[in-house]
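1. the following block contains a protein sequence and its predicted model.
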Amino acid sequence: DSGVTQTPKHLITATGQRVTLRCSPRSGDLSVYWYQQSLDQGLQFLIQYYNGEERAKGNILERFSAQQFPDLHSELNLSSLELGDSALYFCASSGTGGSGYTFGSGTRLTVV
Amino acid sequence: EDQVTQSPEALRLQEGESSSLNCSYTVSGLRGLFWYRQDPGKGPEFLFTLYSAGEEKEKERLKATLTKKESFLHITAPKPEDSATYLCAVQGSYNTDKLIFGTGTRLQVFP
């Protein structure tokens, strides 16, 4: 157990629907990162939150949004889902000092 | 733009056959270079962080080294349980904590 908790582990939904992925960071970590991993691509950075505020944005689609709550857990919202959104979505957290992160076990999203 | 290229894409080794994985990078001010191991369907697992050229770190059969342009992950006498995808990532210095990942090297070790 890495200390980063992601739910659900698996999600199957239809095109056009909306889903919410949840992440609880490791205790004491203020930063949360979301990554997307498709079969034909590596880990793609989506967005970072630090202590409740958006800190950095990557190649995140306008249909996707995220937020970090006062208890530091984060949610990634994916709407108007398309087949191409099927992927593994990872959350990671880190403390201060610019060290590497700890990843969760991911949510596997399948859009049918 | 920060970039990471890993080679080879895939590597098949006999148990006990040592080899090296390469990670070439371009980054504006390197804060750190990271190696992760990822098993199928699982999240990446942290292995090493290297901060400056010349630095080396070891863990069991793995040794990571860093130069100004690339990093190597040396695997000595690998075992089947070392089979996984090995990911390299860099963290730049321009006011960002994000990691930029390469696409990984898929390692298979056969008994």
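-> That came through fine.

2. who's in contact with the closest residue to residue A:43 other than its chain neighbours?
-> Computed as C-beta to C-beta, 6 or more residues apart in numbering or on different chains, the closest residue to residue A:43 that is not its neighbour in sequence is residue B:101, at 4.2 Å. C-betas here are computed from N, CA, C, even on glycine. Residue B:101 is in contact with A:35, A:42-43, B:4, B:87-89, counting by C-beta atoms under 8 Å, 6 or more residues apart in numbering or on different chains.

3. bridging residues for residue B:101?
-> residue B:89 (DSSP bridges).

4. how about the residues of chain A that lie near chain B?
-> Within chain A, the positions lying close to chain B (C-beta under 8 Å from any C-beta of the partner chain) are A:2, A:4, A:31, A:33, A:35, A:41-43, A:45, A:48, A:50, A:55-56, A:58, A:88, A:90, A:92, A:94, A:98-106, A:108.

5. can I have the buried ones of these as a ChimeraX selection?
-> The following ChimeraX line selects those of the residues of chain A next to chain B that are buried, judged by 16 or more other C-beta atoms under 10 Å in any protein chain shown:
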select /A:2,4,31,33,35,42,43,45,48,50,55,56,58,88,90,92,94,100,101,102,103,104,105,106,108
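
6. so where's the chain shaky on pLDDT?
-> No chain in the question, so chain A it is. Applying pLDDT under 70 to chain A flags residues A:96-99.

7. please refer instead to chain B.
-> B:94-95.

8. what does it have sitting close to chain A?
-> So chain B meets chain A at B:31-32, B:34, B:36, B:41-46, B:49, B:87, B:89, B:91, B:96-104 (C-beta under 8 Å from any C-beta).

9. how long is stretch A:61-78 from one end to the other?
-> One end of stretch A:61-78 sits 9 Å from the other (C-alpha to C-alpha, to the nearest Å).

10. for that stretch, buried residues please.
-> A:64, A:66, A:68, A:72, A:74-76, A:78.

11. what does stretch B:64-80 rub up against?
-> Residues outside stretch B:64-80 that contact it (C-beta under 8 Å, 6+ apart) are B:13, B:15-25, B:33, B:35, B:47-48, B:50-58, B:61-63, B:82, B:86, B:88, B:107, B:109-111.

12. which residue, other than its chain neighbours, is closest to residue B:93?
-> Per C-beta to C-beta, 6+ apart, closest to residue B:93 is residue B:29, 3.2 Å.

13. please look at that neighbour and residue B:92 and confirm they touch.
-> Yes - between residue B:29 and residue B:92 there is a contact under C-beta atoms under 8 Å: 5.8 Å.

14. that's a strand at residue A:84, yeah?
-> No - counting by DSSP: H, G, I helix; E, B strand; the rest coil, residue A:84 is not part of a strand but helix.

15. separation between it and residue A:38?
-> Residue A:84 is 8 Å from residue A:38, where distance means C-beta to C-beta, to the nearest Å.

16. pick out whichever of these two has more residues nearby.
-> residue A:38 (13 against 10; other C-beta atoms under 10 Å in any protein chain shown).

17. can you pull the contacts of that one?
-> Counting by C-beta under 8 Å, 6+ apart, residue A:38 makes contact with A:44, A:86-88.

18. sorry, back to before: mind putting the buried residues of stretch A:61-78 into CSV with distance to residue A:26 and secondary structure?
-> Listed next are these as CSV, based on distance: C-beta to C-beta, whole Å; DSSP: H, G, I helix; E, B strand; the rest coil:
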residue, distance to residue A:26, secondary structure
A:64, 23, strand
A:66, 18, strand
A:68, 14, strand
A:72, 10, coil
A:74, 12, strand
A:75, 17, strand
A:76, 17, strand
A:78, 24, strand
